[in-house]
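**Q** Return atomic coordinates for the entry below.
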Amino acid sequence: MFIPEDVHAEELGAEARQELRGLPKTLADEVARNLVMIGRTVDEDPELAYKYAKVALRLASRVAAVREAAGIAAYMAGAYAEALSELRAARRMTGSSEHWAVMADCERGLGRPERALQMAGADEVKELDKAAQIELRIVAAGARRDLDQLDAAVVTLQVPELNSASSNPWVARLRFAYADALAAVGRDEEARDWFGRAAEADTTGETGAAERVAELDGLDFTDALDPDAEDDEDGDYAEDVEDSAADAEDEDFDGEDGEDDDAPEAVDAADAEADEADTEPVADAKD
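**A** Presented below is the predicted three-dimensional model:
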């Protein structure tokens with residue numbers, strides 16, 4: 001796998017670099033650079049990130065940070081079985097349940113929502129921080145919807161944290177999930193309100209809550225940064241201008257009935273003037 005020259009092992013977090021110290025220096029640097037590439041590409045190109053993860057696994061599969069990074073990359077790429085396997089391995093190595101919510105969502109991705117719900121009620125949940133607990137609750141609500149338990153999904157998300165004044169990203173995600181669950185049971189007015197509140201908390205536009213508000217309001221939401229949308233608008237505008245120009249040309253040339261009534265007379269007059277000019281003598285320059 002190609003790694004740009006500007007990617008350095010030192011970019012990796014201190015904790016992960018510490019885990020790599022048991023490897024030979026050259027090998028540790030190579031693994032570290034692959035892990036850095038996972039971080040750089042996982043959001044924009046998960047498939048590519050997963051390829052870098054496979055390289056890192058081949059080089060250092062006994063390092064917990066490598067198994068963890070590979071698990072996240074696989075999850076983002078939709079390879080849920082591989083993600084679950086790697087995250088379980090990382091958990092055995094570290095004893096941490098940090099990625100418990102992601103593992104539960106992998107169970108959903110594998111078509112096992114019941115297992116995701118079991119994980120949501122497990123003792124490991126007590127070890128999670130607030131962000132991970134909220135993510136797990138969102139996963140549990142999704143599992144309820146997978147089982148066609150739509151009202152239960154709404155209840156699952158009715159927690160005090162919906163009204164949190166925190167600026168953490170999980171606030172917007174929780175509100176969006178709750179709004180989406182309300183919309184699924186036909187409570188559109190409430191859904192619109194919570195999509196609006198999610199949009200207020202979503203400073204980066206990650207959830208797409210603003211678009212859902214526009215949708216419920218019956219508006220067409222156009223992404224100003226979407227080149228396809230701009231091309232379509234420019235194309236429509238060009239067609240309108242072309243049609244208008246053609247219509248104007250027809251009006252100048254044609255009469256009301258669409259026929260060119262004045263053109264023959266104009267041509268005859270021009271011909272007559274030309275004939276007259278041909279018959280007149282050219283004045284003497286001396287005169």
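**Q** wait, isn't Ala53 in contact with Ala73?
**A** Yes. In this structure Ala53 lies within contact range of Ala73 using Cβ atoms under 8 Å: 4.0 Å. (C-beta placed from N, C-alpha, C; glycine too.)
**Q** which residues do those two both contact?
**A** The contact sets of Ala53 and Ala73 overlap at Ile38 (Cβ atoms under 8 Å, 6 or more residues apart in numbering).
**Q** And Ala14, what's its pLDDT?
**A** If you check Ala14, the pLDDT there is 95.
**Q** And Ala172, by the same measure?
**A** 97.
**Q** Report how many residues lie close to it.
**A** 22 (other Cβ atoms under 10 Å).
**Q** in what helix or strand does it lie?
**A** Using DSSP states H and E, Ala172 maps to helix 169-184.
**Q** What's the separation between the closest residue to Ala89 other than its chain neighbours and Glu82?
**A** What sits nearest to Ala89 in space, not counting adjacent residues and going by Cβ to Cβ, 6 or more residues apart in numbering, is Arg67, at 4.6 Å. Distance, Arg67 to Glu82, by Cβ to Cβ, to the nearest Å: 11 Å.
**Q** Ok, Arg137 next?
**A** Applying Cβ to Cβ to Arg137 and Glu82 gives a distance of 25 Å.
**Q** Which helix or which strand is home to Glu5?
**A** Taking DSSP H and E as the criterion, no element holds Glu5; it sits outside all helices and strands.
**Q** how about it, phi and psi?
**A** Summarising the backbone geometry of Glu5 under the convention degrees, to the nearest 10, its torsions are phi -70, psi -20.
**Q** That one - how many residues pack around it?
**A** Around Glu5 there are 5 other residues, counting by other Cβ under 10 Å.
**Q** again, but for Val185
**A** Residues near Val185, counting by other Cβ under 10 Å: 14.
**Q** and the gap between it and Met103?
**A** When Cβ to Cβ is applied, the distance between Val185 and Met103 equals 28 Å.
**Q** if we can go back for a sec, so what secondary structure elements neighbour the helix holding Ala172?
**A** Taking 3 or more Cβ pairs under 8 Å, 6 or more residues apart in numbering; DSSP states H and E as the contact definition, the neighbouring helices and strands of helix 169-184 are helix 130-146, helix 150-156, helix 188-201, helix 209-216.
**Q** ranking these by burial, who's on top?
**A** Sort these by mean neighbour count, taking mean count of other Cβ atoms under 10 Å, and helix 130-146 sits at the top with a mean of 21.
**Q** Please list the residues outside that one that contact it.
**A** Outside of helix 130-146, the residues within contact range by Cβ under 8 Å, 6+ apart are 98, 100-102, 104-105, 108, 113-114, 116-117, 119-120, 125, 128, 150, 152-154, 156-157, 159, 161, 168-170, 173-174, 177, 181, 184.
**Q** again, only using 6 Å
**A** With Cβ atoms under 6 Å, 6 or more residues apart in numbering as the test, helix 130-146 has contacts from 101, 104-105, 108, 113, 116-117, 120, 152-153, 156-157, 170, 174, 177, 181.
**Q** Then stretch 83-92?
**A** Residues lying outside stretch 83-92 but in contact with it, judged by Cβ under 6 Å, 6+ apart, are 64, 67-68, 70-71, 74-75, 99, 103, 106.
**Q** which of these tops the neighbour count?
**A** Ranked by neighbour count (other Cβ under 10 Å), those have Ala70 at the top, with 30 neighbours.
**Q** State the distance from that one to Met1.
**A** Here the criterion is Cβ to Cβ. By it, Ala70 lies 14 Å from Met1.
**Q** Which positions within the helix holding Ala172 qualify as buried?
**A** 169-183 (16 or more other Cβ atoms under 10 Å).
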